[in-house]
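Visitor: got a predicted model here, sequence first, then my questions.
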Amino acid sequence: MVEHPVAITVAAQPYPGETVSGDAWQVDWDGDICRIAVIDGLGHGPQAAAAALAATTSLAAHRGRDPAAAVQGCHEALARTRGAALLVASVDVRLGQLTIAGVGNVEAQLWQHGRSQRLMSDRGIVGSVLPRIRPVAVTLDTDWLLLIYTDGIRNRFDLGAVRETAADGLGCAEALLDGWSRPTDDATVLIAQPR
């Protein structure tokens, strides 16, 4: 098994009582570029899971697309589903650059230089109402942490405080899921950081 230079950890849970989650994630490598996507199918249950599956299928079929093109491709793939919120991040390891594009309420925070920076998505619904996609690019320091989470996580947490008490990326993801998940939705927390 190949050990990539970006470590990915995920903590997730479905809506209470559901056997499937409407949240999903996809991680693909294309040379030095790690593309990460977190999808939140609208609502919960099988129809939300079907929307998320349509997105991961599209992403897997087009691994070389940049974040904006990946969002556009997912929009086309989700046209016959209930739709989804989606955030796609691309980490160029060689250039030390992060690019994100998102639509809907999947959120991201980048931790570096001792502080957290929120990376915003545009309003809309992938598969239904797609706004003009505006990717954001950020230069990465050598020690960074990217957090992406669905709206099943309340966003009132202090990422710095959570990082201080967590042993590693998985511990941080699990602490956020345990402490800030909503009992009324699927919830997913994904953390990416250099190895």
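Guide: Looks like it arrived, so ask away.
Visitor: and the strands in this protein?
Guide: 6-13, 23-30, 33-41, 84-92, 97-103, 107-112, 115-119, 136-139, 145-149, 187-194 (DSSP state E).
Visitor: among those strands, which is nearest residue 172?
Guide: Evaluated over the strands of the chain, closeness to residue 172 peaks at strand 187-194, with 5.8 Å, by C-beta to C-beta. Just so you know, the C-beta spots here come from the backbone N, C-alpha and C atoms, and that holds for glycine as well.
Visitor: next, the angle from the closest one to strand 33-41.
Guide: Calculated by axes from the mean of the first three to the mean of the last three C-alpha atoms, to 10 degrees, strand 187-194 forms an angle of 170 degrees with strand 33-41.
Visitor: what does strand 187-194 contact?
Guide: Strand 187-194 is contacted from outside by 5-13, 21, 23-25, 34, 36, 38, 40, 89, 91, 142-150, 152-153, 169-170, 172-173, 176-177, 181, using C-beta atoms under 8 Å, 6 or more residues apart in numbering.
Visitor: would you write a PyMOL line that selects the buried entries of the residues you listed?
Guide: Here is the PyMOL command that selects only those of these that count as buried (16 or more other C-beta atoms under 10 Å):
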select buried, resi 6+8+9+10+11+12+13+21+23+24+25+34+36+38+40+89+91+144+145+146+147+148+149+150+152+153+169+172+173+176+177+181
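Visitor: can I get the strands of the chain in a markdown table with distance to residue 127 and mean pLDDT?
Guide: Formatted as a markdown table, these follow (distance: least, C-beta to C-beta, whole Å; pLDDT from 0 to 100):
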| stretch | distance to residue 127 | mean pLDDT |
| --- | --- | --- |
| strand 6-13 | 21 | 95 |
| strand 23-30 | 14 | 95 |
| strand 33-41 | 9 | 97 |
| strand 84-92 | 6 | 98 |
| strand 97-103 | 10 | 97 |
| strand 107-112 | 19 | 95 |
| strand 115-119 | 22 | 92 |
| strand 136-139 | 22 | 96 |
| strand 145-149 | 19 | 96 |
| strand 187-194 | 18 | 96 |
